[in-house]
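> only geometry, no sequence info:
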């Protein structure tokens, strides 16, 4: 069974501050994908990143960066110089790579509020 | 791109009626589509997995006779909530997977169902 924990329920930051969203996962599978999705107030989930468990390289995309540490089963997401448009609920998710049909397990989400 | 649409975006119905929600992959063929339910301030709960041309696989606790899923083509899946009751009021989100096996899911904008 898989489990994804996002301990931070809500975070508020002032615009231009950096913010890190934590994600800790549990899985018995040795190979898996990790995801981050953004859900703005409109409701639609927006895909941000997929990370293969083989690849522990950190990734940067503009103001977004991800820190994957297999040793601590964490896949944290940092937004640099936050903006009001970053206000949303962010979900971390995991799906095993082994076997056939494998469902995605979502964390409970972290609501980020960026205050102007 | 990977665009998924849902129709309608919101619906209000009377208790006892049935409601059909459509999920379409607009620019790719989706061998597998997923249906999720999201209660306010909660995470996504997978309801069922739908493969084109075969019966849907329902998660434990989801009534298959109440939530009818049809995946008639590689670009369309429908969810029908039969004899809806107020407790069925929720945000229903579909997603579609491009390839076979484990691949990124792309989400539709969601349908907000309110049953009076």
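Cool, the structure landed. These figures come from a predicted structure and were not determined experimentally.
> pull the helix or strand with minimum mean pLDDT from the chain.
You didn't say which chain, so I picked chain A. Lowest on mean pLDDT, DSSP states H and E among the helices and strands of chain A sits strand A:59-61, with a mean of 88.
> wait, chain B
One helix or strand of chain B scores below all others by mean pLDDT, DSSP H and E: strand B:105-107, with a mean of 86.
> Pull up the residues of chain B that are close to chain A.
Within reach of chain A by CB under 8 Å from any CB of the partner chain, chain B has these residues: B:2, B:32, B:34, B:41-44, B:46, B:49, B:57, B:59, B:91, B:93, B:95, B:101-102, B:104-110, B:112. No exception for glycine: its C-beta is placed from N, CA and C like everyone else's.
> buried subset of those residues?
Restricting the residues of chain B next to chain A to buried positions leaves B:2, B:32, B:34, B:43-44, B:46, B:49, B:57, B:91, B:93, B:95, B:102, B:104-110, with burial counted as 16 or more other CB atoms under 10 Å in any protein chain shown.
> chain center to stretch B:67-80: distance?
Taking CA atoms, centre = their mean, to the nearest Å, one finds stretch B:67-80 lying 8 Å from the centre of the chain it belongs to.
> How about that stretch, which residues are buried there?
So stretch B:67-80, judged by 16+ other CB under 10 Å, has buried residues B:67, B:68, B:69, B:71, B:74, B:75, B:76, B:77, B:78, B:79.
> quick one: the fourth one and residue B:48 touch, right?
No - the pair residue B:71 / residue B:48 is not scored as a contact, 10.0 Å apart, by CB atoms under 8 Å.
> Low-confidence regions, the chain specifically.
Answering for chain A, as no chain was given. Scanning chain A for pLDDT under 70 picks out the ranges A:98-102.
> I was thinking of chain B, sorry if that wasn't clear
Chain B contains residues with pLDDT under 70 at B:1, B:99-103.
> what touches both of residue B:71 and residue B:48?
Taking CB atoms under 8 Å, 6 or more residues apart in numbering or on different chains as the contact rule, residue B:71 and residue B:48 both touch residue B:56.
> re the thing from before, please identify the pairing partners of the following helix or strand past the least confident helix or strand of chain B and their relative orientation?
Later in the chain than strand B:105-107, the nearest helix or strand by DSSP states H and E is strand B:111-115. Looking at strand B:111-115 with DSSP bridges, its partner strands are strand B:10-13 (parallel), strand B:90-97 (antiparallel).
> closest to residue A:76 out of these?
With respect to residue A:76, and counting by CB to CB, the nearest of the strands paired with strand B:111-115 is strand B:90-97 at 23.9 Å.
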